[in-house]
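K.L.:
What follows is a protein structure lacking sequence information:
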């Protein structure tokens, strides 16, 4: 994958309208200060669970595109390959909702697991906060948007959430990690992150490397996910190679390396990446795959240099019949379980 150093700053929402139109502004403020939730989903008022999730920590979220139901496969805390049961959330996103809202990322929040959604029409980015009992509450919407009306969502695509390290503050020197939402523009190759505090986007931080159409990079490589502590995962479907850009301070790409395993065009016809998760809780993000024919969900357990140490398979499957209506959203992780 080619990397080129960017020399221009990312165009922000506060710049002139002419500049925003020319660059399809990523990060136009919604101007909505009411705090009212206008995000996706309908509250069904019920939670259907086949298992108490009190001590469950990780789950794989699935979305039924016919009914709108979002359901979790609850993974055993001590043996996460074992699916102990399922739990339906009490909010749904049916066909009307799905026509505009797409899942961007699933993640661990400070007090609850969550699912992040993006409305490609209005540009709104909104969050579902998920409690252990399957009840959903609104995590609110970010105050920046990426909408169709200003051309943003046609050219900028959300990659996922990670953390951006900012330089040390003196006396004492403290490095800060800010949560962010990272975006990629395949045309220009730019990557940029919205730095977030609560629901406020206070700055956009560009990467110093690009993957665009000009050098053929974005035709071959696709950004398939953001890695929690700083990095972007890329997949070249033609060659099968998966590569990681690791980032340091201010989204500087410090190194890149290939994963030991790959998935070429033949493999990719059946196996799809469905998210990143620290499956074995060793501090390194692992990569999850779903085989749409056999229904298998397999995890590549990674070391910190791209080696694949094991490939456990979950005990539940979603085969070709199941996958016609059920689509994987990604893994969510609940806060540390309470002590019994």
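P.N.:
Okay, I see it. Keep in mind that this is a model prediction, so the values were computed, not measured.
K.L.:
Is residue 266 in a helix, a strand, or coil?
P.N.:
What DSSP: H, G, I helix; E, B strand; the rest coil gives for residue 266 is helix.
K.L.:
what's the spacing between it and residue 316?
P.N.:
For residue 266, the distance to residue 316 (Cβ to Cβ, to the nearest Å) stands at 26 Å. Using the backbone N, CA and C atoms, a C-beta is placed for each residue, glycine as well.
K.L.:
Neighbour count for these two, which is higher?
P.N.:
Between residue 266 and residue 316, counted using other Cβ atoms under 10 Å, residue 316 has the larger neighbour count: 20 against 9.
K.L.:
ok, the more buried one touching residue 83?
P.N.:
Yes. The criterion here is Cβ atoms under 8 Å, and residue 316 meets it with residue 83 at 4.1 Å.
K.L.:
Now list whatever residues contact both of these two.
P.N.:
Between them, residue 316 and residue 83 share these contacting residues under Cβ atoms under 8 Å, 6 or more residues apart in numbering: residue 73.
K.L.:
low pLDDT regions in the stretch 151-300 of the chain?
P.N.:
168-176 (pLDDT under 70).
K.L.:
Show me the strands in it, by range?
P.N.:
Ranges of strands within the stretch 151-300 of the chain are 157-169, 174-184, 191-197, 200-206, 209-210, 221-226, 231-236, 242-247, 253-258, 271-277, 286-291, 297-302, based on DSSP state E, counting those that start in this stretch.
K.L.:
Let me have those in JSON lines, adding distance to residue 129 as columns.
P.N.:
Shown next, in JSON lines, are the strands of the stretch 151-300 of the chain (distance: least, Cβ to Cβ, whole Å):
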{"stretch": "strand 157-169", "distance to residue 129": "14"}
{"stretch": "strand 174-184", "distance to residue 129": "14"}
{"stretch": "strand 191-197", "distance to residue 129": "15"}
{"stretch": "strand 200-206", "distance to residue 129": "17"}
{"stretch": "strand 209-210", "distance to residue 129": "33"}
{"stretch": "strand 221-226", "distance to residue 129": "20"}
{"stretch": "strand 231-236", "distance to residue 129": "25"}
{"stretch": "strand 242-247", "distance to residue 129": "27"}
{"stretch": "strand 253-258", "distance to residue 129": "32"}
{"stretch": "strand 271-277", "distance to residue 129": "18"}
{"stretch": "strand 286-291", "distance to residue 129": "22"}
{"stretch": "strand 297-302", "distance to residue 129": "25"}
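K.L.:
The ones you listed: which one's closest to residue 311?
P.N.:
Closest approach to residue 311 among those (Cβ to Cβ): strand 297-302, 5.5 Å.
K.L.:
So what touches that closest one?
P.N.:
60, 81, 259, 261, 271, 274, 277, 279-280, 284-291, 308-314, 316-318, 328.
K.L.:
Show me what the mean pLDDT comes to for the helix or strand containing residue 73.
P.N.:
Assigned by DSSP states H and E, residue 73 falls within strand 69-75. Average pLDDT, strand 69-75: 94.
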